[in-house]
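J.: With the input below, show me the fold.
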Amino acid sequence: EYSSDSGSTWTTFTDGTSTTASTTVTGLSHSTTYAFRVSAVNAAGTGTASSTASVATRTMTVTQLDSESETYQRGTSVVVGADGNPVVFGHRSSEQDLRISTCSNATCTSSATSTVDSTGNSKGYSAALIGADNNPVIAYFDSGPSAVKVAACSDSTCTSATVTQLGYVSPSGAWVSIVLGADNNPVIAYTNASGDRGDVMVAACSNATCTSSTETKVWDGEGFETTEPHGGWVSIALGPNDNPLITFYAGGESGGLHVIGCGNATCTSVTRDRNLIASGRYGRQTSVAIGAGALPEGYNDRPIVSYASEADNALYVGVCDSTCMLFTPDTALGAVVRQDPVNPPGFRGTQIAIGTDDKPVVVFTDSGGNVSIAECDAWDCSTGATISTITDSGRGGSVSLAIRDSDNARIITYIDDAPGQLKIAVLSAP
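T.: All right, here's what the predicted structure looks like:
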């Protein structure tokens, strides 16, 4: 039995009859202290309850950012600032601008919000990082010029920013992802969709503010199914060789989950260009992270990819070798992902990150519109994952995930779609 009110009332957890001396109690609430007691049961009935033991569940703090009157849609991204506090970007729909909320503490119960780009055009998919100067950098889609932009903040709260426009894209293909290169300059991957093709582009910035860059088409989407978002859900990470590695959905039966391995830091050459899974429309909602470096030789620094299948919308994780020549797919995490609209994009459905315990974590929007996380039980997720609900409003979407190194906390941002509220949840480590 367990109690959340210091033993005033008790709830029986029914786990059947067993001689096993332990069980896992499910259905508990976060940020709650529970008292537990056990009783022996046999043919004579139920014995006297044991003494109680108390334990607190993980803490989770959920906060709405900006004022209640402001509405947001799409494009949320979260990173951990140099001070250990979250930094959140979002697209304010009422003013069509890009906003930043800088949290004042670790759980973001207070924050300051300001505008980064006020051009008055719709801002879509976005991705952010903290630069080598400890200031935020964000890449995002701007519908005005129909282009990807990069905003490099001049300080930690982004009181001003250097905004640079990259190549032109179609609104139906404005997926974007960002990583800090080995030279400490940003590298951006994005989809350039036009007509019946969706090309994957890489812009390797020449400096910290990305006022100049080398832009290269690394994948040509011509000839792939036009009804599919080929080149969609692009995600970039820095591979074990310090060169960028990109995963994306190549579209349809002949495309599937695809990987590009760059041959140099600017991705002007490619050493790996292959389908990881080429059948069954696998690879939607893809996201890639690099596995822990502390694992045994041969298992460390491997790209780990989360993705969904259109067939059953199930959430999967697969593991590459260091160069993605080999790929071990289809570890199902026991969750179903909502397939968000692809036109326009901006509703990031999943994102993967690696915890300080070397285990992958995936945030996702489930089929019921609830924001949840899957926390893998092993470095490769091979033994399954624990699923936890962040919000059960049925209106969540446009998720983003960061993991704080100092305490392994999971930091999740999302849009509560119906009222358009930008929210942040900080969940303590398991």
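
J.: Output stretch 153-160 as CSV - backbone C-alpha positions only.
T.: Taking C-alpha atoms only, stretch 153-160 is exported to CSV below (Å, rounded to 0.1, in the frame of the first residue of the first chain):
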residue,chain,number,x,y,z
CYS,A,153,23.6,37.0,-29.6
SER,A,154,26.0,39.6,-28.3
ASP,A,155,25.6,38.6,-24.7
SER,A,156,24.0,35.9,-22.6
THR,A,157,20.5,37.5,-22.6
CYS,A,158,20.6,38.5,-26.3
THR,A,159,20.1,42.2,-25.8
SER,A,160,21.3,42.5,-29.4
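
J.: That one: which residues count as buried?
T.: 153, 156-158 (16 or more other C-beta atoms under 10 Å). C-beta: built from backbone N, CA, C; applies to glycine.

J.: how about these in CSV, adding distance to Ser93, secondary structure and pLDDT?
T.: Below are those laid out as CSV (distance: C-beta to C-beta, whole Å; DSSP: H, G, I helix; E, B strand; the rest coil; pLDDT from 0 to 100):
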residue, distance to Ser93, secondary structure, pLDDT
Cys153, 22, strand, 97
Ser156, 26, coil, 95
Thr157, 23, coil, 95
Cys158, 20, coil, 95
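
J.: Am I right that Arg404 is in contact with Asp83?
T.: No. With contact defined as C-beta atoms under 8 Å, Arg404 does not count as touching Asp83 (10.9 Å).

J.: what about these two, which has more around it?
T.: Arg404 (19 against 14; other C-beta atoms under 10 Å).

J.: contacting residues around the more buried one?
T.: Residues in contact with Arg404, defined by C-beta atoms under 8 Å, 6 or more residues apart in numbering, are 80, 84, 106, 411.

J.: Show me the two of those that sit farthest apart.
T.: The most widely separated members of those, counting by C-beta to C-beta, are Gly84 and Ile411 (10.5 Å).

J.: what about those two, which has more around it?
T.: Ile411 (26 against 14).

J.: Mind listing the residues bridging to the more buried one?
T.: Ala402, Val426 (DSSP bridges).

J.: quick one: contacts for it?
T.: 78, 80, 86, 108, 401-404, 424-427.

J.: From Gly355, how far out is it?
T.: According to C-beta to C-beta, to the nearest Å, Ile411 stands 12 Å off from Gly355.

J.: Mutual contacts of those two, please.
T.: Ile403.

J.: From the buried residues of stretch 153-160, pick the one nearest Ala189.
T.: For those, the nearest to Ala189 is Cys153 (20.6 Å; C-beta to C-beta).

J.: Just the helices from the stretch 51-200 of the chain, written as ranges.
T.: Taking DSSP state H, counting those that start in this stretch, the stretch 51-200 of the chain contains no helices at all.

J.: Sorry, slip of the keys, the one I care about is the stretch 251-400 of the chain.
T.: 252-255.

J.: Mind listing the strands the strand or helix carrying Ile236 pairs with, and their directions?
T.: Assigned by DSSP states H and E, Ile236 falls within strand 232-238. Strand pairing for strand 232-238, determined by DSSP bridges: strand 244-249 (antiparallel).

J.: any idea how far the partner strand is from the chain center?
T.: Averaging C-alpha positions (C-alpha atoms, centre = their mean, to the nearest Å) puts strand 244-249 15 Å from its chain's average.

J.: center of this structure - which residue?
T.: Centre of the chain computed as the mean C-alpha position; nearest residue by C-alpha atoms, centre = their mean is Gln351, 2.1 Å away.

J.: Excluding sequence neighbours, find me the nearest residue to that residue.
T.: Leaving out its chain neighbours, the residue that sits closest to Gln351 by C-beta to C-beta, 6 or more residues apart in numbering is Leu401, at 4.4 Å.

J.: and the one you found, what is it in contact with?
T.: 78, 351-353, 361-363, 373, 410-412.

J.: Distance of Ser322 relative to Ala40?
T.: In terms of C-beta to C-beta, Ser322 sits 53 Å off from Ala40.

J.: So for those two, which residue has more residues nearby?
T.: Shown here are Ser322 and Ala40; by other C-beta under 10 Å, Ser322 has more neighbours (19 against 11).

J.: Which phi and psi values does the nearest residue to the more buried one once chain neighbours are set aside adopt?
T.: Leaving out its chain neighbours, the residue that sits closest to Ser322 by C-beta to C-beta, 6+ apart is Pro240, at 4.7 Å. Backbone torsions for Pro240, taken as degrees, to the nearest 10, come to phi -60, psi -20.

J.: Buried residues, stretch 419-430. List them.
T.: Buried-residue list, stretch 419-430, by 16+ other C-beta under 10 Å: 421-428.

J.: repeat for stretch 367-375
T.: Quick answer for stretch 367-375 (16+ other C-beta under 10 Å): 369-375.

J.: Between the two ends of it, what distance do you get?
T.: This stretch, stretch 367-375, spans 18 Å end to end (C-alpha to C-alpha, to the nearest Å).

J.: Repeat that for stretch 14-24.
T.: Termini of stretch 14-24 sit 11 Å apart (C-alpha to C-alpha).

J.: Over to stretch 55-74?
T.: End-to-end distance for stretch 55-74: 38 Å, by C-alpha to C-alpha.

J.: Pull out the buried positions in it.
T.: In stretch 55-74, counting by 16+ other C-beta under 10 Å, buried: 60-63, 65-66, 70-74.

J.: What average pLDDT does that stretch get?
T.: Averaged across stretch 55-74, pLDDT comes to 86.

J.: can you check stretch 404-417 too?
T.: 94.

J.: swap in stretch 18-26?
T.: On average, stretch 18-26 scores 79.
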